[in-house]
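S.K.: Coordinates for the following, if possible.
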Amino acid sequence: MRGELAPPGDKSISHRAIILGSLAQGLTTVRGFLSSEDTLSSAKAMMKLGVPIEINKETVKIRGKGSYGLSEPDDIIDAGNSGTTARILTGLLSSQNFFSSITGDQYLRTRPMDRVVKPLTRMGARIWGRDEGRRLPLAFLGSELKAIKYSLPVASAQVKSAILLAGLYAVGETEVVEPNPTRDHTERMLSYLGVRVERNSVSIKMEGPQQLKEGREISIPADISSASFLIVAALINPNSEILIKNVGINPQRTGAIEILKKMEGNIEILNKREACGEEIGDILVRSSTLIATEIKGEIIPKTIDELPVVAVAACFADGETLIKDAEELRVKETDRIKAITTELAKFGADIEELDDGMIINGRENLKGTKCTSWGDHRIAMALTIAGTRADGQTEIEDSECVSVSFPGFFTSLNNLRK
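M.R.: Alright, predicted model coming up:
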């Protein structure tokens, strides 16, 4: 693997740029937008709420309606496979003065929504849903909200973001207390768009109601979660050196890099800079002899989306790697603990499933195999990276799901093969 490239724009930031840009007043221009199935679900949702949005490849123009300018949709909002869309919009729709409803695809309808519904109901939201509000579809009848102080039982940037969006409309001070810090793109973008947000190491506070100010230009860096697959590909394949450019290096998103460096991965961050409230850098990666490590505790929220490909790296590391405290993986697009342990075992990996993680004994070689993505984009990409180092041919069923977060993933990978 040799060469340089820039992965697509950050998925998390793209979602928030669409949603918050729609609540700003006037024109917001977004550059570097990830035009994928998930982020387009957010764009279509905001268009159903009456916001004019023009998407031209990586550039998006949003004619924001302001905090009180959304209109009642004439149909159910479909979040597709996007948990970010469903959960963040739950906070927004709870605070509007009209009726609305939201659903998702067969996978999203199995994922828990009560972790968002419970705090919003405490704020006075009126929400109805399947399985007593635990599952999509959900329906909302807007009402006046009151601010609350809420301690997250499980670290979740999506739940935090939903409460903060509701807090924009609630009377009083909304405070979210986190058990461990999670990605803070929502707070950063709210501040960038003129909302007063107070942040410290354990909580986020916001006085409401507040309105976003005039729209601004938002530049989105490349997605570090997507970059992580390329990083591991370079680390485990001999004689590799790649430069991944313009990557978001938000401190709450760099857990995988911290872990891979601890495993003695040769990774450098160059040309550090800042744009639109987010840190950015170029990542230089060279092939490395990896060693096993223990992954647990507060680093888990900083690397939750990257753990499947970290598990692939562990398959080629010397010694036993333990991943624990990662039970959140079981309620992602699929049960990622079961999915990655089941599929890597097909390659011949020495891997054991735990309730909250896995144990992996590294070995020099895996064998190419036929496996499946479980309909999960990150599982599909992780298995592809395993396949680059496995002996023989690997075939992955349902691999087209990578388009959810990394359209052009296979082309990018092929362009690095030397």
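S.K.: what residues are up against Ala234?
M.R.: Ala234 sits next to 1, 240-242, 285-287, 416 when contact means CB atoms under 8 Å, 6 or more residues apart in numbering. In short, each C-beta sits where N, CA and C put it, glycine included.
S.K.: Which helix or strand lies directly C-terminal to the helix or strand where it lies?
M.R.: Assessed by DSSP states H and E, Ala234 sits inside helix 224-236. Using DSSP H and E, the helix or strand that follows helix 224-236 in sequence is strand 241-248.
S.K.: Can you point out the buried residues in the next helix or strand after that next one?
M.R.: Next helix or strand after strand 241-248 toward the C-terminus (DSSP H and E): helix 255-262. By 16 or more other CB atoms under 10 Å, the buried positions in helix 255-262 come out as 255-257, 259-260.
S.K.: Show me which of the contacts of Ala234 are buried.
M.R.: Buried members of the contacts of Ala234, scored by 16+ other CB under 10 Å, are 1, 240-242, 285, 287, 416.
S.K.: For the residues you listed, work out which two are farthest apart.
M.R.: Ser287 and Leu416 (12.2 Å; CB to CB).
S.K.: Give me the common contacts of these two.
M.R.: By CB under 8 Å, 6+ apart, the residues touching both Ser287 and Leu416 are 1, 234.
S.K.: Would you mind splitting this structure into its domains for me?
M.R.: The chain is divided into the following domains under automatic domain parsing: 11-219, 224-416.
S.K.: Name the strands paired with whichever helix or strand Thr321 is part of and say parallel or antiparallel.
M.R.: Assessed by DSSP H and E, Thr321 sits inside strand 320-323. Partners of strand 320-323 in the sheet, by DSSP bridges, are strand 294-295 (parallel), strand 357-361 (antiparallel).
S.K.: right, so of these, which gets closest to Arg115?
M.R.: Nearest to Arg115, of all those, is strand 357-361, at 20.3 Å by CB to CB.
S.K.: Looking at the closest one now, give me its mean pLDDT.
M.R.: Strand 357-361 shows a mean pLDDT of 97.
S.K.: now it: how far from the chain's centre is it?
M.R.: Put simply, strand 357-361 sits 23 Å off its chain's centre (CA atoms, centre = their mean, to the nearest Å).
S.K.: What of stretch 360-379?
M.R.: Relative to its parent chain, stretch 360-379 has a centroid offset of 21 Å by CA atoms, centre = their mean.
S.K.: again, but for stretch 86-97
M.R.: That offset, for stretch 86-97, works out to 19 Å (CA atoms, centre = their mean).
S.K.: which of the residues in that stretch are buried?
M.R.: For stretch 86-97, burial by neighbour count (16+ other CB under 10 Å) applies to 86-96.
S.K.: Kindly report the same for stretch 381-397.
M.R.: Neighbour counts over stretch 381-397 (16+ other CB under 10 Å) mark 381-390, 394, 396 as buried.
S.K.: Restricted to strands, list the residues you listed.
M.R.: Assigned to strands by DSSP state E, the following of those qualify: Ile396.
S.K.: Can you add distance to Lys44 and pLDDT and give the buried residues of stretch 381-397 back as CSV?
M.R.: Compiled in CSV, those are given as follows (distance: CB to CB, whole Å; pLDDT from 0 to 100):
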residue, distance to Lys44, pLDDT
Met381, 24, 97
Ala382, 28, 98
Leu383, 29, 98
Thr384, 28, 98
Ile385, 31, 98
Ala386, 34, 97
Gly387, 33, 97
Thr388, 35, 96
Arg389, 38, 95
Ala390, 38, 96
Thr394, 34, 97
Ile396, 28, 98
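S.K.: quick one: Leu193 and Ala24 touch, right?
M.R.: Yes - if you go by CB atoms under 8 Å, Leu193 and Ala24 touch, sitting 5.3 Å apart.
S.K.: residues near Ser403, how many?
M.R.: 16 (other CB atoms under 10 Å).
S.K.: ok, the spatially closest residue to it that is not a sequence neighbour - contacts?
M.R.: Distance criterion CB to CB, 6 or more residues apart in numbering; nearest residue to Ser403, sequence neighbours excluded, is Glu37 at 5.7 Å. Residues in contact with Glu37 (CB under 8 Å, 6+ apart) are 80-82, 403-404.
S.K.: Output the below-cut-off pLDDT ranges for the stretch 251-400 of the chain.
M.R.: Scanning the stretch 251-400 of the chain for pLDDT under 70 picks out nothing.
S.K.: where exactly do the helices run in it?
M.R.: With helices called from DSSP state H, counting those that start in this stretch, the stretch 251-400 of the chain shows them at 255-262, 307-315, 336-346, 377-389.
S.K.: Could you dump those into JSON lines and include distance to Ile55?
M.R.: Listed next are the helices of the stretch 251-400 of the chain as JSON lines, based on distance: least, CB to CB, whole Å:
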{"stretch": "helix 255-262", "distance to Ile55": "29"}
{"stretch": "helix 307-315", "distance to Ile55": "29"}
{"stretch": "helix 336-346", "distance to Ile55": "30"}
{"stretch": "helix 377-389", "distance to Ile55": "20"}
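S.K.: Any idea which of the ones you listed gets closest to Lys367?
M.R.: That would be helix 336-346 among the helices of the stretch 251-400 of the chain, by CB to CB, at 8.7 Å.
S.K.: Which residues does the closest one contact?
M.R.: Helix 336-346 is touched from outside by 307-308, 311-312, 315, 326-327, 329-330, 351-354, 356-358, 360, 366, 369-372, 374, 376, 378-379, 382-383, 386, with contacts defined as CB under 8 Å, 6+ apart.
S.K.: Please, a PyMOL command that selects the buried ones among these?
M.R.: Burial among the contacts of helix 336-346 is assessed by 16+ other CB under 10 Å; the matching PyMOL selection reads:
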select buried, resi 307+308+311+312+315+326+329+351+357+358+360+366+369+371+372+374+376+378+379+382+383+386
